[in-house]
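[1] Here you go, sequence then predicted model.
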Amino acid sequence: MIRCFCLTLQRKNKEQMKETEAYKKLIDHGVRPSFQRIAILNYLLTHFTHPTVEDVYSALASEIPTLSRTTVYNTLRLLADHHVAQMLTIDDHHLCYDGNVEPHVHFICKQCGKVIDLFSEQAPQLPQPVVVDGNIIEDKQLFYRGVCKDCLAKNADGKACN
Ligand SMILES: [Zn+2]
Ligand SMILES: [Zn+2]
């Protein structure tokens, strides 16, 4: 899917590139829309899997030979700084990104490590920035941790076979 996007984008002229959602979002948030930034943001807007830097790099590297991990890392940080994407800091080893900047609850599977959206749960709705007990809150994230339904099904299958 991303293959088609990048090749199509390269073939498109500048006017058509300006029609993409990613381009418009970058402009709206005051980020200069370079080709690589558009491609990285487009990946986030079409893959709600909460990818890591490595995930985004592996997905785009073959299509954009000039892309480096550092560029992906810096671009994702930049997108988060400008609120075009949100950075999820689940733990020191798991930093991932979300193209959906609306507050929503995430669920992390401790078995397979995947991060999914739980839109049925109420996300913290504090305005930003907000002061609570004299502390300025700049970011709020709500994570649920457990075992996902896919892993539960696999575990049940495993047990049934034994
Ligand atoms: Zn799982
Ligand atoms: Zn999410």
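    Received it, and whenever you're ready, just let me know what you need. Predicted model only: the values in this text are computed from it and were never measured. Ligands and ions are numbered 1, 2, ... in the order given.

[2] C-alpha only now, for contacts and for neighbours.
    Fine.

[3] now the residue most central in space within the chain, which residues is it bridged with?
    With distances taken as C-alpha atoms, centre = their mean, the residue of the chain nearest its centroid is residue 98 (2.3 Å). On the basis of DSSP bridges, residue 98 is bridged to residue 86.

[4] please begin residue numbering at 21 from this point
    Done: numbering now begins at 21, and the last item shifts to residue 118.

[5] what about it, distance to residue 69?
    8 Å (C-alpha to C-alpha, to the nearest Å).

[6] Could you pull up phi and psi at residue 68?
    phi -90, psi 50 (degrees, to the nearest 10).

[7] where's it relative to ligand 1, distance?
    Noted for residue 68: a distance of 16 Å to ligand 1, by C-alpha to the ion, to the nearest Å.

[8] what's the helix or strand for residue 65?
    According to DSSP states H and E, residue 65 maps onto helix 55-66.

[9] and this structure, what are its domains?
    Domain ranges of the chain: 21-109, 122-182, per automatic domain parsing.

[10] Format those domains as CSV; extra columns: mean neighbour count.
    As requested, these are exported to CSV (neighbours: other C-alpha atoms under 10 Å):
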stretch, mean neighbour count
domain 21-109, 16
domain 122-182, 13
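
[11] any chance of the ones you listed in CSV, plus mean pLDDT?
    Formatted as CSV, the domains of the chain follow (pLDDT from 0 to 100):
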stretch, mean pLDDT
domain 21-109, 88
domain 122-182, 87
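
[12] that older thread, so the residue nearest to the centre of the chain sits right up against residue 66, yeah?
    No. Contact criterion C-alpha atoms under 8 Å: residue 118 and residue 66 do not qualify, at 10.3 Å.

[13] near ligand 1, which residues of the chain?
    129, 132, 168, 171 (C-alpha under 5 Å from the ion).

[14] Please state the offset of stretch 86-100 from the chain centre?
    12 Å (C-alpha atoms, centre = their mean, to the nearest Å).
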